[in-house]
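Colleague: This is the structure alone, sequence omitted:
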């Protein structure tokens, strides 16, 4: 593993940050006029041509008022996304990927109807929809999106008819944004009649096959993946049988030591009757794809144990720290991430997007206190949700040189 770390240090030395700025890629911190100041995260961060939008709740950003009913709540969250897009000089046709976080999967149908109306069928982004045990501030809906400024380099990836299961919502299987491919969440439904294997292993294998068809249609392979999210159902979280069964199949998709970065956790509910869902981000820029692996980390069959580079963009794996309290675990998680960033020639200032997964949302204030200590000025965009896990907190970030 020492070779992997040395390789990335050499890569970083080829592109040193200039003396005037710590950043090679220009960035703007987006603060729409409709949003109050003083939050521990930035509503949107534009790094180069990619805009990372913080998780937007179904509440008025100034008054905190929540409309009644999931239809109007979805409209509110989408309007909040719109504020960030417009402040960055974009609109909904620039959106390439969205994560829809629900408090109750029973709201799926009504949410879809409103959500889809903001895009139109020719501009659906890639999408992943999940139900969580809890969302911040009693929200019923939280939306996290990524947009891309150059519309001429946004295009949909749609495999041949019958290659993957039909969509069950307003989304595209995959969407190109420049050289980065965002793949919609895929479960274990079979393309033939959308049958579902009764075993976790079978569902995982089918989900990987479905994603493989999307990658193939884009001219890519599993080895081109830079980041994945693994979502599963098991009230025992990592300690339950589901996680191990998924990994027994997942690891076969990648050569030992070459798995992408990954964040994994159990959620409350997945669409339809699936028990496993995977979301991929991949790149066609193979020449500038690299790995950041600390010397202390051994090869893992399921994740990078550090981070994976897509050109100037680094995706870290989810990190959970040690300690008895949320503050201790949060600091340890961020210190692990700081070490990974250092190997890639970056520091915490380069983080543009963060995902914080809490075991209990009652820890939000304590987590925010630590987060602000590590990101005191121009913090990244951020999404925070409650998940089913053993650790009090897990943190995953995206950084850009």
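Modeller: Good, I have the coordinates. From a predicted model like this one, the values you see are computed outputs, not experimental measurements.
Colleague: so who does residue 78 touch?
Modeller: 114, 115, 118, 143 (Cβ atoms under 8 Å, 6 or more residues apart in numbering). To be clear about C-beta, it is placed using only N, CA and C from the backbone, and glycine gets the same treatment.
Colleague: whoops, residue 398 was the one
Modeller: Contacts of residue 398 (Cβ under 8 Å, 6+ apart): 52, 313, 314, 315, 316, 351, 352, 353, 354.
Colleague: do you know how far it is from residue 134?
Modeller: From residue 398 across to residue 134, the span is 24 Å (Cβ to Cβ, to the nearest Å).
Colleague: same question, residue 397
Modeller: In terms of Cβ to Cβ, residue 397 sits 22 Å off from residue 134.
Colleague: Looking at these two, which is more packed in?
Modeller: residue 397 (27 against 18; other Cβ atoms under 10 Å).
Colleague: Does that one belong to a helix, a strand or coil?
Modeller: Of the three states, residue 397 takes strand according to DSSP: H, G, I helix; E, B strand; the rest coil.
Colleague: which residues does it bridge with?
Modeller: residue 354 (DSSP bridges).
Colleague: Can you point out the helix or strand that includes residue 155?
Modeller: strand 154-157 (DSSP states H and E).
Colleague: Please name every helix or strand in contact with that strand.
Modeller: In terms of contacts (3 or more Cβ pairs under 8 Å, 6 or more residues apart in numbering; DSSP states H and E), strand 154-157 is packed against strand 174-177.
Colleague: what does the helix or strand following the strand it packs on contact?
Modeller: Next helix or strand after strand 174-177 toward the C-terminus (DSSP H and E): strand 180-186. For strand 180-186, contacts defined as Cβ under 8 Å, 6+ apart pick out 50, 96-97, 125-130, 146, 157, 164, 167, 171-175, 207, 210-211, 214-215, 218, 220, 229, 231, 277-284, 310, 313.
Colleague: And stretch 100-120, by the same measure?
Modeller: By Cβ under 8 Å, 6+ apart, stretch 100-120 touches 55, 69-71, 74-75, 78, 82, 92-93, 95, 124-125, 127-132, 134-135, 139-144, 169-170, 268-271, 383, 385.
Colleague: in that stretch, what's buried?
Modeller: For stretch 100-120, burial by neighbour count (16 or more other Cβ atoms under 10 Å) applies to 100-103, 105, 107-108, 111-112, 114-115, 118-119.
Colleague: Could you do stretch 362-382 as well?
Modeller: Buried residues in stretch 362-382 (16+ other Cβ under 10 Å): 363-364, 366-368, 370-371, 374-375, 379-382.
Colleague: Which stretches in the stretch 251-400 of the chain count as helices?
Modeller: Applying DSSP state H, counting those that start in this stretch to the stretch 251-400 of the chain gives helices spanning 326-343, 364-374.
Colleague: tell me which strands and helices the last one is in contact with?
Modeller: Counting contacts by 3+ Cβ pairs under 8 Å, 6+ apart, helix 364-374 is packed against helix 326-343, strand 351-358, strand 381-386.
Colleague: and the closest residue to residue 163 other than its chain neighbours, how many neighbours?
Modeller: Leaving out its chain neighbours, the residue that sits closest to residue 163 by Cβ to Cβ, 6 or more residues apart in numbering is residue 213, at 4.4 Å. By the criterion of other Cβ under 10 Å, residue 213 has 19 neighbours.
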